[in-house]
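[1] let's see this in three dimensions:
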Amino acid sequence: MSGLIVTLRGIRSRFGRSTLVVLLSTVAIAAAVLVPLYSRAAAQSVLTDTVADPPPIVAGLTARSTALQGMSAAIDQRLKSAPAVAAVLGPPQETIANSVDPHSKLKSRGRLVYRPGSCEHLTIVAGRCPGDRELMVSDRTVERVKIQMGDVLELESTGGSSRSTLGAPPPKNPGYPVVGVYRIGDPTDPYWETTGFFGGSPLNELDDGTKIVDELFTGSEATVLSVPLGRSVASIDYPLAAEQVRLANVPELVRELETLSSDTSIEGVALNIGLLESLRLAERQRSAISAAVPTVALPLVVLCWFVLFLVVAAVTDDRRAEIAVGKLRGLSLGGITRFAVGEPLLLIALAAPLGLLLGIGLTNLAAGAFLAPGVDVQVGWPALLVGLGALFGAVVAAVLGARETVRASIGALLRRVPHRARRRALVVEGIVAALALAALYQLLVGSDEQSATLGYAAPALIALLAGLLTARLLGLVARRRLPRAIRRGKLPALLAAAQVGRRPESARLVAVLTVALALLTFSATIWDVSSVNRLRTANADIGADRVYVVTANDPGAVRAAVDRIDPTGRAAMAVVRVKQSYAGDYVDLIGVDADRMLAVSRWPDKTPEQVAAVAASLNDASAPTVRLKTGRVVVRATVRALAQQHPMSLGMVVSDPGGAPRSIQLGRLRTGAATYAGDLTCAADCRLLGMQVRRYPGDNAPGSATVTIESLELAGAPVDAALSVSGAWRPTDPQPEGQTMAVSTDDAGLTLDVTSETSADVVAQYGDVAAAAPVVLAGPAPADDPDADSFSFPLLGRAPDPVQVADRVKLVPRGGGHALLFDGPSLVERAERSAGLNTDQMSYEVWATDAAPADLGAKLAAEGIPVLYTERWSDRMTQLSRAAPALALRLYLFAGLVALLLALGALVLDAGVTAPWRRQQVRGLRLTGVPARALRGMANRENLMVLGYPVVAGVVAGVGGAALVLPAIALVSIDGGDQAYRLGGWWLPGSLLFLLVALVAAGLVLRRVRGGAR
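    Purely as a prediction, here's the structure:
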């Protein structure tokens, strides 16, 4: 009991130092406990983010059939065998639809839909919600096909068979009364997600004039099934409740999902399960976190133990006189040891619960600050076990810290002889250095897997090696300066070198400071670089502030809708996309509006000036587009040197918007000046594509002609087709085998010099587009030569286009590292002059800035461009900041900051412990005649050495370590991928500024503690 009282009195008499021991022990235990707590919380965070990334309906379970009846019961029965899966699925949403014609006389097409709850998500402007055998139509449908309230519509199927059974009379279409009129509410409501409803824009028509109308809602499944010869499509969507997917349930979820995926055979029902792939991706993220977090946190724990060792050593050394008295009184080595380490061990025991609480609190703080919503911190046996391990490590550090003082002789204790570094310490340092160098070698020249494993450990190894070398360098410099200062008579330098050289504590403090500063600098540097990469990855993934994935019939409809919504061109842009396969991989083809690209898009790695230059390089225009309308075409031409076995004729090539090219026959060629004419019919504005010399069908005999086209008229009005403009016309490229064509222009007009030995027509192209389509290329070219600057590849058309690479980049917006980006409107026009648009493979998007209207989705739907789902750049940035690499690097920032504070605390403690005898030393030197100015010079030089060396070495080691380690660390994605290694601007300068402020504060504290002795 008396020993405990002595220990408590000692703690009270040294309250400040005792508090520091408690703080260090608390931080060490908290840092260790943080590993399992933070790892599990971070794993839950990435799991939640990963499964919530796709739309809930896509990520959940979807069943498709031809009828709802019985399908729901079959799915529910199947889910009973998978209770874990059923627990993470939301309430099912049923839908059944049938393609119908609500007004056959006006050629219209829509869908008859039964979807429970639809009236709650629409605005009913007239009438009521429909019941069985009743309809509700949109206000746009009322306007377009002249339907009124109370009308009885006989719906004819357009999606099923058009023939009745042989010998049976044609079925009679039943009548359905219109009992309500609705207006579209918010088409971006998750209720409508992925449905593609509401395409009934006044401008949405098929090529044959069929009007697309909005959905006709009814109140029962039986109504949809009652349409004769219809082909109904029924679906039940079970949206995923991402917040219900918990880490502990993942193994059971995976097992049940694999069972469901392997046996989806329910009679007449097709199942689609989207969650399994998300869980597999989340497991890879969890594995990355589990590997990275302990590697990041362990150096902090070890540093805490080492600083605790220094603190206990300093506190025990301060009790030299007490320990010497104990030895004089005959206390045994065990008694002296208990007396010496009793205080720190009691303080460490007090710190154990505090460290556990601090670790839990920090993890909760991290969960609230930057982890996914709903992540909770679960304290289990791993955290308690790790906490006990950290406590044991703290006890060992305390015992080792007191060991040298306890073993010292009475004379050494009373004379305050500094402890000398033993040979064993040199051996330990050599082993540590060898391990660090071996790990760095493995990191730099080992396999990718080994590099990734060591990547997060390497910074601590580099910092440790830098600390050891800096400490040894400081001792060597001090010993070298001492005789030089004696020879030169430099008293301040002599005293400073003697103080630093004779005290091993100085070397240890320098080592700790160097390690701490290296970790802080490295963490700030790598976080700065990772911030740059998260920004460029978000730009490459999303491409704009907001991206609306929409449905449409052709790219022109999307562009026209965007032009009406945003006539300024500053807030939105229509984009068409195609994914083409090549050489076992896929290439993203992205058609943007070059005129709007600078204002709307987010480009990775490019400044606005560079984006403007890219937009200019995508200009595909060569000559003005010639628009044609219905009318009589008259061409005046002169034919010379006509040689033919069968008659050749003159033709004109035109195209309708979105259609394939077609030829207009103008008459047979005849020698001399003549007039050629033909009738042109255009549903809308046609486009002039070229002039042609037409061969007689099946005629492969040699033929030739020289034709000069002098003028072109349409409906009696002249047409400016640039017949005399140099470069406006060109031969088809490549020229078909067996044909030649020379094209020339002068004041007389356009001259075509043609020879042919095939029956194929010979075409001269009008050059309103460049000979080759300019593109921006990311990744290898889809050609035999991956470095090719020109090649042929199908972009938006059904036939390959000649392509010219205008710029090569690492990443393109919304396309990543393997894509072709081009001017969409130009490529649409280019496709029209060849084989037409490949609309079957096209998908459509609208990119928007934050300045775009918040209800842009509703405006697009009002234009007949329904929104399937929306992606946001801000959401992607948040998701990337919560991915596995970012969560590990955030812990690095925390470790670097705590390491610096620990090192500065050890420095101040050392100053406080040594202050009394340093004052005595200063008084003795003053009595011998050493002037105060020399003593101040000594203090300044010593501070400069103890603080200056770690600053330089720590910054160099941190930045240099980052340069070495960055290629081995995944900064954004666990897969690595393309990464840019450049600073973002302020993290590293900010850390250095913080370091400067901390050092100035430490210097002021040193002067205060030592009373100006230094």
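[2] ok now stretch 389-404, how far from the chain's centre?
    45 Å (Cα atoms, centre = their mean, to the nearest Å).
[3] neighbouring contacts of it?
    If you take Cβ atoms under 8 Å, 6 or more residues apart in numbering as the criterion, stretch 389-404 is touched by 25, 28-29, 31-33, 301, 304-306, 308-313, 316, 337, 340-341, 344-345, 348-349, 351-352, 355, 419. C-beta: built from backbone N, CA, C; applies to glycine.
[4] buried residues, stretch 380-390. List them.
    Across stretch 380-390, burial judged by 16 or more other Cβ atoms under 10 Å covers Ala383, Val386, Gly387, Ala390.
[5] and that stretch, average pLDDT?
    Averaging pLDDT along stretch 380-390 gives 81.
[6] low-confidence stretches in the stretch 901-1014 of the chain?
    Scanning the stretch 901-1014 of the chain for pLDDT under 70 picks out the ranges 911-930, 932, 934-940, 942-943, 976, 985, 1002-1014.
[7] show me the helices in it, by range?
    Here the stretch 901-1014 of the chain has its helices, by DSSP state H, counting those that start in this stretch, at 932-965, 987-1009.
[8] which other helices and strands does the longest one contact?
    In this structure, helix 932-965 packs against helix 423-445, helix 458-488, helix 491-502, helix 504-541, helix 884-927, helix 987-1009, with contacts taken as 3 or more Cβ pairs under 8 Å, 6 or more residues apart in numbering; DSSP states H and E.
[9] swap in 7 Å and give it another go.
    helix 458-488, helix 491-502, helix 504-541, helix 987-1009 (3 or more Cβ pairs under 7 Å, 6 or more residues apart in numbering; DSSP states H and E).
[10] and these, which one is worst for confidence?
    helix 491-502 (a mean of 61).
[11] list buried residues within the contacts of stretch 389-404.
    25, 28-29, 31-33, 301, 304-306, 308-313, 316, 337, 340-341, 344-345, 348, 351-352, 355, 419.
[12] residues in contact with Val213?
    Applying Cβ atoms under 7 Å, 6 or more residues apart in numbering, we find Val213 in contact with Pro102, Ser108, Arg109, Gly110, Thr141, Arg144, Val145, Gly200.
[13] my bad, Tyr176
    Arg133, Glu134, Leu135, Val152, Leu153, Leu155, Thr223.
[14] tell me which helix or strand it sits in.
    Using DSSP states H and E, Tyr176 falls within strand 175-184.
[15] same question for that strand, mean pLDDT?
    Here the average pLDDT along strand 175-184 is 89.
[16] likewise for stretch 866-884?
    Rounded mean pLDDT across stretch 866-884 is 88.
[17] repeat for stretch 26-38
    Stretch 26-38 carries an average pLDDT of 83.
[18] over to stretch 699-715?
    91.
[19] please shift the residue numbers so they start at 59 in all later answers.
    Sure thing, new numbering starts at 59, so read that last one as stretch 757-773.
[20] residues contacting it, please?
    So stretch 757-773 is contacted by 686, 689-704, 706, 708, 727, 749, 751, 753, 776-777, 779, 781, 806-817 (Cβ under 7 Å, 6+ apart).
[21] so which bits of it are buried?
    Asp757, Gly761, Ser762, Ala763, Thr764, Val765, Thr766, Ile767, Glu768, Leu770, Glu771, Leu772.
[22] test my guess that Val691 contacts Ala735.
    Yes: Val691 is in contact with Ala735 according to Cβ atoms under 7 Å; the separation is 6.3 Å.
[23] anything in contact with each of the two?
    When Cβ under 7 Å, 6+ apart defines a contact, the residues bordering Val691 and Ala735 alike are Leu724.
[24] who has more neighbours, these two?
    Val691 (20 against 15; other Cβ atoms under 10 Å).
[25] tell me the secondary structure for that one?
    strand (DSSP: H, G, I helix; E, B strand; the rest coil).
[26] ok, the one 4 residues further on next?
    The local conformation at Ala695, judged by three-state DSSP, is strand.
[27] what sits closest to it if chain neighbours are left out?
    Ile767 (4.8 Å; Cβ to Cβ, 6 or more residues apart in numbering).
[28] pretty sure that neighbour belongs to a strand, no?
    Yes: assessed by three-state DSSP, Ile767 belongs to a strand.
[29] measure it to Ser166 for me?
    Distance from Ile767 to Ser166, counting by Cβ to Cβ, to the nearest Å: 44 Å.
[30] just checking, Ile133 is part of a helix?
    Yes: checked against three-state DSSP, Ile133 lies within a helix.
[31] shaky segments in the stretch 659-808 of the chain?
    In the predicted model of the stretch 659-808 of the chain, residues 716 satisfy pLDDT under 70.
[32] in helices only, show me the contacts of Val271.
    Using DSSP state H, the members of the contacts of Val271 that fall in helices are Thr199, Arg202, Val203.
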